[in-house]
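> could you look at this predicted model? Sequence included:
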Amino acid sequence: MRLSKLSIRNFRNFQSIDIPLSGNVVLLGQNRVGKSNLLFAIQLILDPTLPDSARQLKLTDFWDGGPADFSAPIEVHLELSDFATDMALTAILTDFRASHDPAVAQLSYVFRKKTEVTGAPQSSADC
């Protein structure tokens, strides 16, 4: 199995980014450019040991590059491929296969304000 695409929207220092991946990946960059945020976005979906308290994001996790706008959700989308030879993975990912390509599984994490909240959320409890 390999991670073939990563998309992040409205999360910390990522307003919108789509990263197609192939082969090995190396993250390089100066401090505070988002390397750890990118890895945490992946961890939100793939790490079963991540406690629910860490998975429940906060208002401070919304994109921080402009005026606070909580109307757009935080979204992390992963595409996984090359899992067909592993029967256990195939069984787990069957319900997540992409309609455009059954050899690809799509997993997502979405964090948004609760539907009953009108206006901007005032605290993380509103999300």
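Received, thanks.
> hey, where'd the helices end up in this protein?
35-46, 52-55, 87-93 (DSSP state H).
> which of those sits most buried?
Highest mean neighbour count of those: helix 35-46, a mean of 16 (counted as mean count of other C-beta atoms under 10 Å). For glycine as for every other residue, the C-beta is placed from the backbone atoms N, C-alpha and C.
> tell me the mean pLDDT for it?
The predicted model gives helix 35-46 an average pLDDT of 98.
> coming back round to it: closest to residue 113 out of the helices of the chain?
Closest to residue 113 of the helices of the chain is helix 52-55 (C-beta to C-beta; 16.6 Å).
> out of the helices of the chain, nearest to residue 73?
Nearest of those (C-beta to C-beta): helix 35-46, 13.1 Å.
> same for the longest strand belonging to the chain, what does it pack against?
Identified as the longest strand of the chain according to DSSP state E is strand 2-11. Applying 3 or more C-beta pairs under 8 Å, 6 or more residues apart in numbering; DSSP states H and E, one finds that strand 2-11 makes contact with strand 14-20, helix 35-46, strand 74-81.
> centre-most residue in this protein?
residue 76 (2.1 Å; C-alpha atoms, centre = their mean).
> pretty sure that residue is touching residue 45, no?
Yes - contact criterion C-beta atoms under 8 Å: residue 76 and residue 45 qualify, at 6.1 Å.
> between those two, which contacts overlap?
Common neighbours of residue 76 and residue 45 (criterion: C-beta atoms under 8 Å, 6 or more residues apart in numbering): 108, 109.
> now the terminal residues of stretch 26-43, how far apart.
16 Å (C-alpha to C-alpha, to the nearest Å).
> hang on, the earlier thing: residues touching the residue nearest to the centre of the chain, list them.
6, 7, 8, 9, 11, 41, 42, 44, 45, 108, 109, 110 are the contacts of residue 76 under C-beta under 8 Å, 6+ apart.
> with that, I have no additional questions.
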